[in-house]
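Undergrad: Here you go, sequence then predicted model.
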Amino acid sequence: MASSHGVSMPGELIVGPKGAQLRDILEAYVATLEPGSPLPSERELAQRFGVARMTVRGQIDQMVHRGLVYRQLRRGTFVAVPRHAHTEELTTFTEDMRARGLEPGARRIEVDELRADRTLAARMEVSVGNKVFRVRRVRTADGFPMALEESYLPAARFPDVTESDFTTGSLYELLNERYHVAVEEADVRITVLSLSVENARLLETEAGAPAFLSERTARDRDGVLVEFASLIYRGDRYEVLMHPRRRSAEEAAAEA
């Protein structure tokens with residue numbers, strides 16, 4: 001069986017657990033295709049390998065869960081863009097994508113000025129009613145939407161920042177070059193959510209799809225707040241990579 005790109009599906013099922021064999025064949029097949037390439041239908045795959053459609057569906061469900069493929073309602077199943085790890089290291093989206101050989105980009109949604117309510121004032125460490133700039137963008141890699149970014153900046157510290165383009169480059173690079181402010185550290189809180197209809201539209205995926213919500217409070221070397229940001233990452237294109245280490249007995253005793 002060949003795809004629309006002319007790539008043959010490797011392998012044949014032999015005697016033994018058919019689900020595991022089918023999984024190996026499908027994963028090998030997907031590895032030969034470009035992101036966005038369609039897979040044969042469940043019916044075609046079931047007929048090709050002589051298995052039940054439920055067997056095919058179960059294996060594809062696992063591949064969707066692992067981010068290898070994605071489904072589009074009434075269109076079919078397609079090869080996903082490889083997932084990218086979100087690590088503990090403090091880097092910008094632009095730096096992350098460049099390190100992976102991808103071209104970072106941004107689609108500007110909205111840049112506006114707000115008066116901080118009680119909740120936003122607490123997050124921004126300003127007084128209620130102070131001016132705050134909000135920058136909303138879709139972040140892309142090689143043109144594919146990866147994350148929905150909403151950054152809040154204290155207006156008093158970054159006057160006229162809203163006049164910037166925000167469709168190219170890193171926000172942190174802009175703040176460093178124009179205002180000589182560098183981010184040195186950040187507190188990050190990551191949770192899981194389901195995409196709303198509007199956010200799914202902006203990220204070009206299905207409403208209800210899983211996503212990571214990363215809330216970041218960034219500070220300069222003096223501990224002064226630079227930015228509060230909320231980033232929603234597509235769950236099928238991101239994963240969180242951590243490297244935890246147990247404290248030694250000496251470290252635990254020193255903190256006691």
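TA: That came in fine, so what should we check first?
Undergrad: The least confident helix or strand in the chain by mean pLDDT: what's the following helix or strand?
TA: Least confident element among the helices and strands of the chain, by mean pLDDT, DSSP states H and E: strand 84-86 (a mean of 53). Sequence order places helix 93-99 as the next helix or strand after strand 84-86, per DSSP states H and E.
Undergrad: which strands and helices sit next to that next one?
TA: Contact here means 3 or more C-beta pairs under 8 Å, 6 or more residues apart in numbering; DSSP states H and E; on that basis helix 93-99 packs against strand 84-86, strand 104-115, strand 144-154. The C-beta positions use only the backbone N, C-alpha and C, and glycine is treated the same way.
Undergrad: so how far is that helix off the chain centroid?
TA: Computed by C-alpha atoms, centre = their mean, to the nearest Å, the chain-centroid distance of helix 93-99 equals 12 Å.
Undergrad: Report the mean confidence score over it.
TA: Mean pLDDT, computed over helix 93-99, is 79.
Undergrad: Just the buried positions in it, please.
TA: For helix 93-99, the neighbour count (16 or more other C-beta atoms under 10 Å) marks 93-94, 96-97 as buried.
Undergrad: Next, count neighbours for the spatially closest residue to Q72 that is not a sequence neighbour.
TA: The spatial neighbour of Q72 that comes closest, neighbours along the chain excluded (C-beta to C-beta, 6 or more residues apart in numbering), is F78 at 6.7 Å. Here the neighbour count serves as a burial measure; for F78 (other C-beta atoms under 10 Å) it reads 17.
Undergrad: gap between F78 and F49?
TA: Distance from F78 to F49, counting by C-beta to C-beta, to the nearest Å: 20 Å.
Undergrad: what secondary structure does the residue nearest to Q72 sit in?
TA: Secondary structure, DSSP: H, G, I helix; E, B strand; the rest coil: F78 is strand.
Undergrad: Can you name the residues that contact it?
TA: 35-39, 69-72 (C-beta atoms under 8 Å, 6 or more residues apart in numbering).
Undergrad: Return the closest of the residues you listed with respect to R221.
TA: P35 (39.5 Å; C-beta to C-beta).
Undergrad: right, and the closest one touches A141 too?
TA: No. At 10.6 Å, P35 does not count as touching A141 under the criterion of C-beta atoms under 8 Å.
Undergrad: For the two, indicate the residue with more neighbours.
TA: A141 (22 against 15).
Undergrad: I'd assumed L102 was in contact with that one.
TA: Yes. Using C-beta under 8 Å, A141 is in contact with L102, at 4.1 Å.
Undergrad: Output the below-cut-off pLDDT ranges for the stretch 51-200 of the chain.
TA: Within the stretch 51-200 of the chain, the stretches with pLDDT under 70 are 82-90.
Undergrad: Please repeat the previous calculation with a cut-off of 50.
TA: By pLDDT under 50, the low-scoring segments of the stretch 51-200 of the chain are 87.
Undergrad: Neighbours of T217, how many?
TA: The burial count for T217: 18, using other C-beta under 10 Å.
Undergrad: Next, count neighbours for the closest residue to it other than its chain neighbours.
TA: Distances taken as C-beta to C-beta, 6+ apart place D187 nearest to T217, at 4.8 Å, with adjacent residues excluded. Counted by other C-beta under 10 Å, the residues lying close to D187 total 10.
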